[in-house]
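Undergrad: The amino acid sequence is not available; the structure is as follows:
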């Protein structure tokens, strides 16, 4: 029976189907399912040349019922040889597993004394390393220089040191306690001599130092 030829133009590997564009009557693509290619040595890929025979489905579309990938070998065989081959492979695998297990047993028997001695050496090495480390730490501790005693302060050392109270007082004096407020320009607006002094030194348009001697409000606050 004659086979048509076409190119696989679409293929969905997850769902196992695609479409062939035939060389003849290329107006309609041919549907193809993976089941008609199950005897091939590999799965189809886009671009493969496909030899196929079709039948028309109920919806009028064509479907490949016999197909092969051109240039790809067919690997399917009859059921009887497959059984013999399977039995032969199974027998060979059993022999291999038997020999392999025997070799593992021999290796385990040969290496058991080595493993025992190896497991004994490791704890000894760990203990020796701990002893050496502790001895080094002990040496470093003994060789470390002794910490000097806390020095005793004398009156000569204390006298040059500024008193905290004096420093705090200087900081309090240097820090302004007042701020310029609009409209406070006369002595009647002040609450103390310190505030009046601050205003004439830092605030504009004050009228509290009539004689210009730097002392404001001499009659009210700074008398």
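TA: Everything's here; your move. Note that the coordinates shown come from a computational prediction; the quantities given were computed from them, not determined experimentally.
Undergrad: Only C-alpha atoms from now on, for both contacts and neighbour counts.
TA: Will do.
Undergrad: helices and strands of this protein: which one has the lowest mean pLDDT?
TA: helix 164-174 (a mean of 53; mean pLDDT, DSSP states H and E).
Undergrad: so where do the helices sit in the protein?
TA: 79-143, 155-158, 164-174, 193-202 (DSSP state H).
Undergrad: rank those by pLDDT, which is bottom?
TA: Lowest mean pLDDT within the helices of the chain: helix 164-174, at a mean of 53.
Undergrad: Next, the contact list for residue 62, please.
TA: If you count contacts by CA atoms under 8 Å, 6 or more residues apart in numbering, residue 62 has them with 29-31, 54-56.
Undergrad: ok, those residues vs residue 134, which is closest?
TA: Each of the contacts of residue 62 was scored against residue 134 by CA to CA, and residue 31 proved nearest at 80.4 Å.
Undergrad: Can you name the residues bridging to that closest one?
TA: residue 19, residue 63 (DSSP bridges).
Undergrad: Any of the contacts of residue 62 buried? List them.
TA: 29-31, 54 (16 or more other CA atoms under 10 Å).
Undergrad: and the residues you listed as JSON lines, adding distance to residue 16 and pLDDT?
TA: Formatted as JSON lines, the buried ones among the contacts of residue 62 follow (distance: CA to CA, whole Å; pLDDT from 0 to 100):
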{"residue": "29", "distance to residue 16": "16", "pLDDT": "93"}
{"residue": "30", "distance to residue 16": "14", "pLDDT": "93"}
{"residue": "31", "distance to residue 16": "11", "pLDDT": "95"}
{"residue": "54", "distance to residue 16": "18", "pLDDT": "92"}
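Undergrad: tell me which of those is nearest to residue 130?
TA: Each of the buried ones among the contacts of residue 62 was checked against residue 130 using CA to CA; the closest is residue 31, at 75.8 Å.
Undergrad: Wait, that closest one touches residue 64, no?
TA: Yes: using CA atoms under 8 Å, residue 31 is in contact with residue 64, at 6.1 Å.
Undergrad: What's the local residue count around residue 193?
TA: By the measure other CA atoms under 10 Å, the count of residues near residue 193 is 18.
Undergrad: so what's it up against?
TA: Applying CA under 8 Å, 6+ apart, the residues near residue 193 are 216-217, 221-222.
Undergrad: Quick check: the gap between it and residue 177.
TA: Per CA to CA, to the nearest Å, residue 193 is found 13 Å from residue 177.
Undergrad: what does residue 125 give?
TA: Distance from residue 125 to residue 177, by CA to CA: 74 Å.
Undergrad: what do you get for residue 119?
TA: With CA to CA as the criterion, residue 119 and residue 177 are 80 Å apart.
Undergrad: and what of residue 26?
TA: Counting by CA to CA - residue 26 and residue 177 are separated by 99 Å.
Undergrad: correct me, but residue 19 touches residue 31?
TA: Yes: in this structure residue 19 lies within contact range of residue 31 using CA under 8 Å: 4.7 Å.
Undergrad: Just confirm residue 8 contacts residue 51, I think it does.
TA: No: Residue 8 is beyond contact range of residue 51, at 10.2 Å (criterion: CA under 8 Å).
Undergrad: more crowded one of these two?
TA: Neighbours were tallied for residue 8 and for residue 51 using other CA under 10 Å; the higher tally belongs to residue 8 (23 against 19).
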